[in-house]
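Colleague: Show me how the following folds:
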Amino acid sequence: MKLDTSTFRVSGGSKFVGIAAIVGLIGLGASAAGYMSNPDQFTHSYLVALVFWTSISLGALGFVMIHHMVNMRWAIVIRRVQESVMFGLPVMLVLFLPLLALLVSGKLHALYPWTDPEVMTVTNEVVWGKKAWLDPNFFAARSVLYFAIWSILAVLLWRNSRKQDEQGPSQGLYDSVRTISGPGLVLFALSLTFASFDWLMSIQPTWFSTMFGVYLFSMSVLSMWCFMALYVGFLRSQGVLKKEVSIHHYHDMGKWMFAFVVFWAYIAFCQFMLIWYAHIPEETEFYGHRWTGSWVNWSWLIIFGHFALPFLALLSRIPKRSALVVSVVAVWILGMHWAELYWLVMPNLYHHGFRLHWLDLTTMLGVGGLFVATVLWRLTSAPVIPVKDPYLKKSIAFVNA
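Modeller: Residues are numbered from 1 along each chain as shown. Down below sits the predicted model:
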């Protein structure tokens with residue numbers, strides 16, 4: 001079989017990079033105008049958008065390292081696409097900086113109440129026990145450190161992948177990428193866990209859950225596979241990977257989506273069940289806020305929309321072997337991923353019920369536009385498949401049982 005060794009640029013990738021970048025800049029410009037009139041809404045909406053797009057890149061980074069550690073072969077044909085997705089992390093760091101600047105300057109009291117000295121003077125001993133950790137400067141430094149770890153890992157993995165394109169397979173490159181991925185997975189797990197504590201859990205500083213890092217991990221991997229299904233479908237519509245990616249690969253992407261729908265539900269339910277059973281006021285308060293007013297309806301939407309419907313849609317073999325069905329379910333789950341992040345963040349601003357705002361849309365378009373532009377740009381700089389991987393032809397010929 002003749003392999004597609006061209007870059008995405010050949011198929012007009014640069015045009016789509018430009019379109020995505022323009023959408024992103026317009027979205028960010030509109031969001032900046034919204035900040036002037038409603039800063040509290042902006043910061044909450046902006047955090048939802050940042051975590052949404054960052055989680056997709058994190059899922060790709062983690063899975064590329066797992067890919068190398070277990071020598072996964074079926075996904076080799078789409079590995080370069082995954083590698084481009086993880087390159088959204090450096091740009092997400094840049095987009096996080098305005099939020100960190102507001103935090104350090106003391107203008108983020110509505111989003112993170114613990115940054116307000118007056119709140120800290122009347123709060124309970126649970127928050128006082130976290131005072132050393134909940135320091136604005138320390139918080140900002142940790143966030144930069146998280147992104148530095150992820151970005152360095154992404155760059156190292158990409159460089160080794162490109163070296164294989166240039167030099168061909170070698171034991172040295174194989175050992176190198178495993179040397180990066182082994183310790184990298186440990187750093188990835190720790191940094192993702194602490195990032196989830198900082199960015200999302202500290203919104204309500206009295207609340208705590210030791211399962212929250214795994215909770216965000218499950219969301220990240222699930223959203224990544226949904227994004228990958230749409231990304232690969234878009235590339236195939238442009239004539240890229242049309243021969244290399246078959247329905248058997250879509251079947252496996254559907255399997256991973258189904259697996260992490262179940263895993264997400266397991267973690268989410270276990271977290272809820274243990275908090276409900278223990279009945280500790282500092283913990284139950286979190287769910288109490290989300291079972292008030294119209295937030296009750298939003299909670300039911302997540303239960304059925306994030307788990308029940310995707311579970312039923314992907315349960316049998318037939319839908320997983322349809323690129324159209326997998327893509328439709330992927331769009332739906334990504335919508336539910338946004339809804340869940342909204343459910344995690346917005347009760348901090350609207351205690352008695354949800355209120356959708358136009359900034360929810362503009363921040364998603366602004367951050368997402370630049371994220372997509374970066375991902376597509378990265379893919380235009382290299383062959384869309386790792387052309388000299390020794391198992392590439394077996395990956396292309398992969399047949400799903």
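Colleague: count of residues packed around M201?
Modeller: 18 (other C-beta atoms under 10 Å). Backbone N, C-alpha and C define where each C-beta goes, glycine included.
Colleague: For R80, give me its contacts.
Modeller: Neighbouring residues of R80 by C-beta atoms under 8 Å, 6 or more residues apart in numbering: S161, L379, A382, P383, V384, I385, P386.
Colleague: Columns distance to L200 and pLDDT on top of those, output as JSON lines?
Modeller: Compiled in JSON lines, these are given as follows (distance: C-beta to C-beta, whole Å; pLDDT from 0 to 100):
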{"residue": "S161", "distance to L200": "31", "pLDDT": "90"}
{"residue": "L379", "distance to L200": "30", "pLDDT": "90"}
{"residue": "A382", "distance to L200": "34", "pLDDT": "85"}
{"residue": "P383", "distance to L200": "37", "pLDDT": "87"}
{"residue": "V384", "distance to L200": "34", "pLDDT": "90"}
{"residue": "I385", "distance to L200": "36", "pLDDT": "90"}
{"residue": "P386", "distance to L200": "35", "pLDDT": "90"}
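Colleague: so can I have JSON lines of those showing secondary structure?
Modeller: As requested, the contacts of R80 are exported to JSON lines (DSSP: H, G, I helix; E, B strand; the rest coil):
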{"residue": "S161", "secondary structure": "helix"}
{"residue": "L379", "secondary structure": "helix"}
{"residue": "A382", "secondary structure": "coil"}
{"residue": "P383", "secondary structure": "strand"}
{"residue": "V384", "secondary structure": "coil"}
{"residue": "I385", "secondary structure": "coil"}
{"residue": "P386", "secondary structure": "coil"}
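Colleague: so where do the helices sit in the stretch 151-300 of the chain?
Modeller: 171-199, 212-237, 247-278, 281-289, 295-302 (DSSP state H, counting those that start in this stretch).
Colleague: Same question for the longest one: list its buried residues.
Modeller: Just to be clear, that refers to helix 247-278. Residues 249-254, 256-258, 260-262, 264-265, 267-268, 271, 275 are the ones in helix 247-278 that count as buried (16 or more other C-beta atoms under 10 Å).
Colleague: Of the helices of the stretch 151-300 of the chain, which is nearest M92?
Modeller: Ranking these by proximity to M92 (C-beta to C-beta) places helix 171-199 first, at 11.2 Å.
Colleague: where does this protein have low pLDDT?
Modeller: 1-12, 119-126 (pLDDT under 70).
Colleague: Give me the residue at the spatial middle of it.
Modeller: S55 (1.5 Å; C-alpha atoms, centre = their mean).
Colleague: What residues does it make contact with?
Modeller: By C-beta under 8 Å, 6+ apart, the neighbours of S55 are L216, M219, S220, S223, M224, H337.
Colleague: what's the neighbour count on the third one?
Modeller: The one in question is S220. S220 has 26 nearby residues by other C-beta under 10 Å.
Colleague: same question, the first one
Modeller: Burial of L216 is recorded as 25 neighbouring residues (other C-beta under 10 Å).
Colleague: List the contacts of it.
Modeller: When contacts are taken as C-beta under 8 Å, 6+ apart, L216 is in contact with S55, L192, T193, A195, S196, L200.
Colleague: One more pass at 7 Å, please.
Modeller: Taking C-beta atoms under 7 Å, 6 or more residues apart in numbering, we find L216 in contact with S55, L192, S196.
Colleague: got it, and S14?
Modeller: By C-beta under 7 Å, 6+ apart, S14 lies in contact with T380.
Colleague: biggest separation within the contacts of S55, which pair?
Modeller: L216 and M224 (12.3 Å).
Colleague: if we can go back for a sec, quick one: the closest residue to the residue nearest to the centre of the chain other than its chain neighbours from I56, how far?
Modeller: Nearest residue to S55 in three dimensions, chain neighbours excluded: S220, at 4.1 Å (C-beta to C-beta, 6 or more residues apart in numbering). Here S220 is placed at a distance of 7 Å from I56 (C-beta to C-beta, to the nearest Å).
Colleague: what do you get for V214?
Modeller: 17 Å.
Colleague: count of residues packed around the closest residue to S294 other than its chain neighbours?
Modeller: Among residues not flanking S294 along the chain, G353 sits closest, at 3.5 Å (C-beta to C-beta, 6+ apart). G353 has 14 neighbours, counted by other C-beta under 10 Å.
Colleague: Am I right that G353 sits in a strand?
Modeller: No: counting by three-state DSSP, G353 is not part of a strand but coil.
Colleague: May I have the phi/psi pair for it?
Modeller: Reported as degrees, to the nearest 10, the phi and psi values for G353 are phi 160, psi 160.
Colleague: just to revisit the earlier point, more crowded one of V214 and I56?
Modeller: Using other C-beta under 10 Å, the more surrounded residue of V214 and I56 is I56, with 30 against 20.
Colleague: got a list of what the more buried one touches?
Modeller: For I56, the contact set (C-beta under 7 Å, 6+ apart) comprises V85, S223, M224, F227.
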